[in-house]
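1. what follows is a predicted structure for the sequence shown.
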Amino acid sequence: MGKWRVMKCRGKVLRRALSYLLLLGVLGLPGRAGAFYELESEEGDRSLEAAGAFRLSGAWLHLPDVPLIYKDGDDGLAALVGRLLLSGDLHEKVGYELNVYLDLARSPSVGTTGAVSTVGSSATPYRAPYLAWRFWEDGSVGGQLGLDRLTFTARLDPVVITAGRFPVNFSVTNMFTPNDVFAPFSATSINKIYKPGVDAVRVGWAPGEFTQITLVGVLGWDKQDEPAWSRSAVLLRASTVVWNQQLSLLGGRVAGRWLVGASLQGEAGPFGLRAEGHVGFRDDDGDGTLDPDRDGNVGAPIHVKVAAGVDHRFSWRNATLGFEAYYQSDGASRSSRYIERAGALLPDELPYMGQLYMGVSGGLELLPILNMGAMVLLNATDFSGLATLSLMYNIADEADA
C-alpha cells in the first residue's frame, strides 16, 4: 500500500474521472438470474437447475510516477464475466455442480490483482491449466473461457465425499485470512460471490452434532504445467464447539510449506470474536526438509501468521463495526526490504509486505435497497494506508449496482 497522498485534481483529470465514473454507472452492474430451467425425475432422485450470472465492471486508475513499475498517467479496467450455473442430483445421495465462465476484459497495465481482479486474472497453482482456453489476447485486451467449478458430492451420512474443482476455505476472519491458503481473496476485493475453485478431493466426517473432521487433498501444478508434489496440498482439520465457541485445529502441507494452525470464532456477550493463524515451515521442493535460512526474517524457514478481530452488530439500520489485526513474522521490518519480501512470497500468498497490519470495517443500511460499506487498512511498518467507501444499490431482484 502506498503512502497517503493528497493530490490536486487538475481540470483535465477531473473531466476524465467524471467520464470514467459515468462508465462505471453503466458497467458496474452485477447480477444473477433465477433458474431459467428446472427438471426433476418422477422419483425425485434426479434433478437439474440451470441459472446464469453476469458481472459488468469498470474502474478508473490514476497512477503516480513509480520508476520501473509504471509511468505517470491514467489507466482503466473494463470487464464482463458471464457464468452458466448448473446444479442438481444424479442420485438420491449424489449431487453435482457446474460453473462455466466467460471472461472478457481490458486490463490495466499494472495488472488486475486485489480489488479489480476478474476470474480470468486469478492465478493459483491448484488449478489444472488445461481447463481454460484463452481465445483472445491483443495487448491489454483478452478473452478466456474456462471451468471454475465441477463438483460431485456423495452424501453417505455421516461421511460426505466431494471431488472435482470447488472452493476450499478454512478461514474464519473477515479481512486478513492467513488460514485461507487456496486462491484467497484480497481484503479489498469487491466481488466475493464466487471464490475460485481448486482441483481437490475432500472427505468430511461428522462424528457428532457440532464436531467435524475434514481431510482435503489438492493437486498442484508447477511452472511447466506438470503435476508436482511440491505444489500440492494435504490438510487435516478438526473442529468442535465448546462454550458457544467453535474451535478448530489444522495441519499438513500446502504449496511451498508445511503448517500447523488453529482458529476460533464465537460470541462474547454483544461482540463477535474471530481469530486464526498458523506456524509455517518453508519447504519449497517438498522433500521434508526446511529451506535454507535467509538474511533476516524475510523468507525465514519458520514463520508465524496470525489474525484476530472483534465486531459488533447494532440494531440501528443493521449497522456493523469491526476491527482486525494481522501479524506475520516473515514480513519486512522496514520498507527498504519490500522488494526482497516480494521475491519471497509463497504460492497463493497475498502481497502483504510489512509485519503488522490493522483494519477497521463497517457498514449500514441507508435504505432497504441501499447499503454503504467502508474499510480502512493500515500498514504499521511504514504507516501507509488504504481506505475504501462503497455503495450497493439493489436495482431489482438478484441484481445490484
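-> Looks like it arrived, so ask away. None of these values were measured; they are calculated from a predicted model.
2. lowest average confidence, helix or strand, in the protein?
-> Every helix and strand of the chain was ranked by mean pLDDT, DSSP states H and E. The lowest is helix 11-27, at a mean of 43.
3. what's the one helix or strand Phe152 maps to packed up against?
-> Using DSSP states H and E, Phe152 maps to strand 141-156. Strand 141-156 is packed against strand 94-106, strand 132-138, strand 159-166, with contacts defined by 3 or more CB pairs under 8 Å, 6 or more residues apart in numbering; DSSP states H and E. From N, CA and C alone the C-beta is placed, and that goes for glycine too.
4. mind listing what's buried in stretch 229-243?
-> Ser230, Arg231, Ser232, Ala233, Leu235, Arg237, Ala238, Ser239, Thr240 (16 or more other CB atoms under 10 Å).
5. bridged to the last one, which residues?
-> When bridges are assigned using DSSP bridges, the partners listed for Thr240 are Leu247.
6. can you tell me the centre-most residue of the protein?
-> In the chain, the centroid-proximal residue (CA atoms, centre = their mean) is Phe185; its distance is 1.7 Å.
7. so what's that residue up against?
-> Residues in contact with Phe185, defined by CB atoms under 8 Å, 6 or more residues apart in numbering, are Thr177, Lys192, Lys195.
8. lowest-confidence entry in these?
-> Across the contacts of Phe185, the bottom pLDDT score, 80, is held by Lys192.
9. check what contacts stretch 264-272 and list those residues.
-> Among residues not part of stretch 264-272, those counted as contacts by CB under 8 Å, 6+ apart are 172, 243-248, 273-276, 310-313, 322.
10. go on, stretch 84-95?
-> 39, 45-53, 96-100, 152-156.
11. which of the residues in that stretch are buried?
-> For stretch 84-95, burial by neighbour count (16+ other CB under 10 Å) applies to Leu85, Leu86, Ser87, Gly88, Asp89, Gly95.
12. using PDB, write out every CA atom in it.
-> Provided in PDB are the C-alpha atoms of stretch 84-95 (Å, rounded to 0.1, in the frame of the first residue of the first chain):
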ATOM      1  CA  LEU A  84     -23.500 -20.700 -16.700                       C
ATOM      2  CA  LEU A  85     -24.500 -22.400 -13.400                       C
ATOM      3  CA  LEU A  86     -25.800 -26.000 -13.300                       C
ATOM      4  CA  SER A  87     -26.600 -27.900 -10.200                       C
ATOM      5  CA  GLY A  88     -28.800 -30.800  -9.000                       C
ATOM      6  CA  ASP A  89     -28.700 -34.500  -8.100                       C
ATOM      7  CA  LEU A  90     -27.700 -37.600 -10.100                       C
ATOM      8  CA  HIS A  91     -28.900 -39.900  -7.400                       C
ATOM      9  CA  GLU A  92     -30.600 -39.600  -4.000                       C
ATOM     10  CA  LYS A  93     -27.200 -39.400  -2.400                       C
ATOM     11  CA  VAL A  94     -25.100 -37.900  -5.200                       C
ATOM     12  CA  GLY A  95     -25.200 -34.200  -6.200                       C
END
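13. can you give me the offset of that stretch from its chain's centre?
-> 25 Å (CA atoms, centre = their mean, to the nearest Å).
14. also stretch 134-141?
-> Using CA atoms, centre = their mean, the offset of stretch 134-141 from its chain centre is 24 Å.
15. what does stretch 309-328 give?
-> For stretch 309-328, the distance to the chain centre is 19 Å (CA atoms, centre = their mean).
16. do stretch 370-385 as well
-> 17 Å.
17. now the helices and strands packed on strand 141-156 as CSV including mean pLDDT and distance to Thr381?
-> Supplementary listing: the helices and strands packed on strand 141-156 in CSV, determined by pLDDT from 0 to 100; distance: least, CB to CB, whole Å:
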stretch, mean pLDDT, distance to Thr381
strand 94-106, 93, 32
strand 132-138, 88, 36
strand 159-166, 96, 36
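18. please name whichever of those is nearest to Ala374.
-> strand 94-106 (26.9 Å; CB to CB).
19. now the buried members of the contacts of Phe185.
-> Thr177, Lys195.
20. would you turn the helices and strands packed on strand 141-156 into TSV with distance to Ile302?
-> Below are these laid out as TSV (distance: least, CB to CB, whole Å):
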stretch	distance to Ile302
strand 94-106	38
strand 132-138	35
strand 159-166	31
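21. what's across from Val216 in the sheet?
-> Val216 has these beta-bridge partners by DSSP bridges: Arg202, Leu235.
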